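>>> Here you go, sequence then predicted model.
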Amino acid sequence: MIVTIDGPAGAGKSSISRQVAAHLGFEFLDTGAMYRAVAWAVIRQGRDLNDELSVAEVAKNIRLDLAGGRVLVDGSDATDDIRSPEVTQATRFAAANVAVRMHLVKLQQQFGREKDLVTEGRDQGTVVFPHAECKVYLTASPEERARRRVADLATRGVTVEFDDILAQQNRRDEEDSSRTVGPLRKADDAIELSTDGMTPEEVIQRLIDIVEQRRASL
C-alpha cells in the first residue's frame, strides 16, 4: 500500500509523515530531503545554482541514502545541513530543474516498488504515484506554517524573523505551484487536512485513521 502526503512548505509533512509511517510499520520516503540534498551538494561542490545543466549533473552523479532517518550524500551525513536557511533558499533551483525532477521521480518510484510506503512531497499523489491507494493533502495557513518554521529553526539554534520566513514561504508556494513539471497541486482524489489548531499528536492520529479506513476498504 502506498500513502502519499503532499502539501506546501511548512505544513509539517516530514516529521508527521515519518511518525505515521513508523506507527503503521511502513517504509518512509522524504522526497523533500532528496531535493534539499541535491541543493546542498551543488553548494558544497561550488557549482552555479543558476546553471541548470550543472545542477542536473550533480543530481545524477551523487549517491543518496535515506535509510534510518538520516540523509547521506556520497556517504557524508547531511541530515542537519540540508535544513539550513541557505539550503532552503537554494532548493528551488533543484526542485524547478526538469532533469533533476525526472531523475528523482525515477528513484522515488523505484523506492516504492513492492513496499508498504508513506511518501511525502508536493507531487507524490499526482505525478510519482498517481495510483496510490491513499492520498492526503496536508496544509495549514501561511502564518501557521511560518510560525512552525521559526520554531523549528529555533530548536536548531537558528534565529530568524517571522516576516522574513513568511515572505520566503509565500515565494516558495508561488514557485512550487507555478512550475511546469511536478507542480504543487492537490490530487483530485486526495483528502485535504488543514492542521490549523491541531497538535502534532492530533494530526498523526487523524492521518492514521484515514489510512486505516482506506486500508479496510481495499
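On my side now, so go ahead. Residues are numbered from 1 along each chain as shown.
>>> Which phi and psi values does the most centrally placed residue in the chain adopt?
Taking Cα atoms, centre = their mean, the centroid of the chain lies closest to Gly32, which sits 2.9 Å from it. Main-chain torsions, Gly32, degrees, to the nearest 10: phi -60, psi -40.
>>> okay, now Asp189: neighbour count?
Neighbourhood size, Asp189 [other Cβ atoms under 10 Å]: 11. The way it works is simple: take the backbone N, C-alpha and C, and place the C-beta from them, glycine included.
>>> Pull the contacting residues for it.
125, 135 (Cβ atoms under 8 Å, 6 or more residues apart in numbering).
>>> do that again at 10 Å, thanks
When contacts are counted by Cβ atoms under 10 Å, 6 or more residues apart in numbering, Asp189 touches 125-126, 130, 132, 134-135.
>>> With Ser177 instead?
Counting by Cβ under 10 Å, 6+ apart, Ser177 makes contact with 8, 122, 183-185.
>>> Can you flag which of those residues belong to helices?
Per DSSP state H, helices hold no members of those.
>>> Neighbour-wise, which one of the residues you listed leads?
Arg122 (24 neighbours).
>>> Low-confidence stretches in the chain?
Applying pLDDT under 70 to the chain flags no residue at all.
>>> Now do the helices in it.
Using DSSP H, the helices of the chain run over 13-24, 31-44, 52-61, 85-95, 98-111, 142-155, 162-178, 200-217.
>>> looking at these, which is closest to Asp77?
Closest approach to Asp77 among these (Cβ to Cβ): helix 31-44, 10.9 Å.
>>> The helices of the chain into CSV, with extra columns for distance to Asp189?
Output for the helices of the chain, formatted as CSV (distance: least, Cβ to Cβ, whole Å):
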stretch, distance to Asp189
helix 13-24, 18
helix 31-44, 19
helix 52-61, 30
helix 85-95, 24
helix 98-111, 19
helix 142-155, 24
helix 162-178, 19
helix 200-217, 11
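>>> of all those helices, which gets the most neighbours per residue?
Compared across those, helix 31-44 shows the largest average neighbour count, a mean of 24 (mean count of other Cβ atoms under 10 Å).
>>> follow-up on the earlier one: just the closest of the contacts of Ser177 to Ala94, please.
Arg122 (12.6 Å).
>>> gap between the closest one and Arg179?
Separation of Arg122 from Arg179 (Cβ to Cβ, to the nearest Å): 9 Å.
>>> Check Lys13 too.
Remark: distance between Lys13 and Arg179 (Cβ to Cβ) = 18 Å.
>>> for the residue nearest to the centre of the chain, what are its contacts?
Applying Cβ under 10 Å, 6+ apart to Gly32 gives the contacts 9, 13-14, 17, 82-83, 91, 95, 120-122.
>>> and if we set it to 8 Å?
Gly32 is in contact with 13-14, 91, 120-122, counting by Cβ under 8 Å, 6+ apart.
>>> rewinding a little: of the helices of the chain, which is nearest Met1?
Met1 sits nearest to helix 200-217 of all these, at 6.2 Å, using Cβ to Cβ.
>>> what separates that closest one from the chain centre, distance-wise?
How far helix 200-217 lies from its chain's middle: 19 Å, per Cα atoms, centre = their mean, to the nearest Å.
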